[in-house]
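J.: sequence isn't available, so here's the structure alone:
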């Protein structure tokens, strides 16, 4: 029974069905305006989800780039821009970008969602064997490895023969120089060739002796302790104690991370990690570190009750120690202690100080940077998206109107080619106003209009603070000209 035949599923449940079916985590996920269509990269292909009709489609050899409101020809709808090399689609083959109007796809191109997961518990990846942890290679002179195959033995014999010939020629030249006179001129090249041949032969013979791997355990009896509760936004202390074996050098650091595991087959979402340096050494060594997951990471975490949270010690990317943690709660929204008026909000946004205004809103009007609050540090940009939006009561249209009335256009407008530093520019060139994003590698002009007011709105709606204001999504659609593909992060 497919998911489409049962009761309607929410978007997270539909994504969970696909993730369990393919055994991977679909992240990052691109979402179209309106929330009906979603796309993700899957092993070099593009997976598309139609959440309204609970169906999906897979297109090989392409990668999702962005959702756009129109095609280059001006047809409006839900358009998925893909990049890559597609020869499995009705469109002609391409090697760069293509635009797909998803509403036009026939029902035969779609498949029903697979069966919904029935309470499948999260699975944890296997731990690396402890005997391979902290196996250190003592520093020593490099030595070539002995031959192991027939090809390597043939190459070894040919190289040895050449070196033996050089040695013989060098010895012969030295013997020619013994009578003296002009024959002494053979001595210098003869000694050089003889030295090269003898050195090479010695290294060849030395490589026949297999060297031990030199791997030796440095630590044993690992004991890991951590704080009782992990909370996003608060420091989390971790201590690693171990017994030192012999006089081998200590590992310079131990990597600790906090991971969330969801449905079966997930690789896990790493929230934060830190390197623990040794704080004491002797017969026993202690590593200590404070792991801190910023509050803004809460926006990318799935707060599902079935998810598992774990503290892991990793070697490279493989965990070898895992401690399950109690499931944390989402961070509580911070209370506003200062509400800036609408005029102040507009002025600070146009001055490029929106993040400073957020800091003042949650720490008081005298706040400037990382102040102590309730016993913890408040970071300049450590706020969730919801907390950022809660500060502002002005809409993007109000900010655009104030910018136009104050003549703000004159302070940002450039005449001719882009000549200032930065990535987003508003320029007047060839009789029209253009919004230029110099980070775009293929089409830097994201909006163009002969009207100064429209161009100013197109410039403001693409500022970093625009997603915090009401009306941004609608204005962005209105200020995206057909045929000009906008930045993929704008939608």
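T.: Arrived safely, thanks for sending. No experiment lies behind these values; they were computed from the predicted model shown.

J.: give the buried residues for stretch 321-338.
T.: Within stretch 321-338, the residues scored as buried using 16 or more other CB atoms under 10 Å are 321, 322, 325, 328, 331, 334. Any C-beta I mention is one placed from the backbone N, CA and C, and that applies to glycine too.

J.: neighbouring strands for the longest strand seen in the chain, and are they parallel or not?
T.: The residue-count maximum for a strand in the chain (DSSP state E) belongs to strand 269-280. The strands beside strand 269-280 in its sheet (DSSP bridges) come out as strand 254-261 (antiparallel), strand 284-292 (antiparallel).

J.: mind checking how far the helix or strand harbouring residue 322 is from the chain centre?
T.: Using DSSP states H and E, residue 322 falls within strand 318-325. Relative to the centre of its chain, strand 318-325 is centred 22 Å away, using CA atoms, centre = their mean, to the nearest Å.

J.: which other helices and strands contact it?
T.: Judged by 3 or more CB pairs under 8 Å, 6 or more residues apart in numbering; DSSP states H and E, strand 318-325 is in contact with strand 219-226, strand 308-315.

J.: show me what the helix or strand that the first one is followed by is packed against.
T.: The element immediately downstream of strand 219-226 (helix or strand, assigned by DSSP H and E) is strand 235-244. Contacts of strand 235-244 with other secondary structure elements, assessed using 3+ CB pairs under 8 Å, 6+ apart, are made with strand 219-226, strand 254-261, strand 284-292.

J.: list the buried residues of whichever strand or helix holds residue 410.
T.: Using DSSP H and E, residue 410 sits within helix 409-412. The neighbour-count check on helix 409-412 (16+ other CB under 10 Å) flags 409, 412 as buried.

J.: what does it rub up against?
T.: 403, 426, 452, 456, 459 (CB atoms under 8 Å, 6 or more residues apart in numbering).

J.: got the contact list for the spatially closest residue to residue 228 that is not a sequence neighbour?
T.: Leaving out its chain neighbours, the residue that sits closest to residue 228 by CB to CB, 6 or more residues apart in numbering is residue 326, at 7.9 Å. Contact partners of residue 326, counting by CB under 8 Å, 6+ apart, are 228, 229, 230, 309.

J.: residues touching the last one, list them.
T.: When you say that, I think you mean residue 309. By CB under 8 Å, 6+ apart, the contact list for residue 309 reads 230, 258, 259, 260, 261, 324, 325, 326, 327, 328.

J.: the third one bridge partners, please.
T.: To tie it back to what came earlier, the one meant is residue 259. According to DSSP bridges, the residues that bridge with residue 259 are residue 270, residue 310.

J.: contacting residues around it?
T.: Shown in contact with residue 259 (CB under 8 Å, 6+ apart): 268, 269, 270, 271, 309, 310, 312.

J.: measure residue 458 to residue 364 for me?
T.: Noted for residue 458: a distance of 36 Å to residue 364, by CB to CB, to the nearest Å.

J.: quick one: which of the two has more around it?
T.: Remark: of residue 458 and residue 364, residue 458 carries more neighbours, 27 against 12, as counted by other CB atoms under 10 Å.
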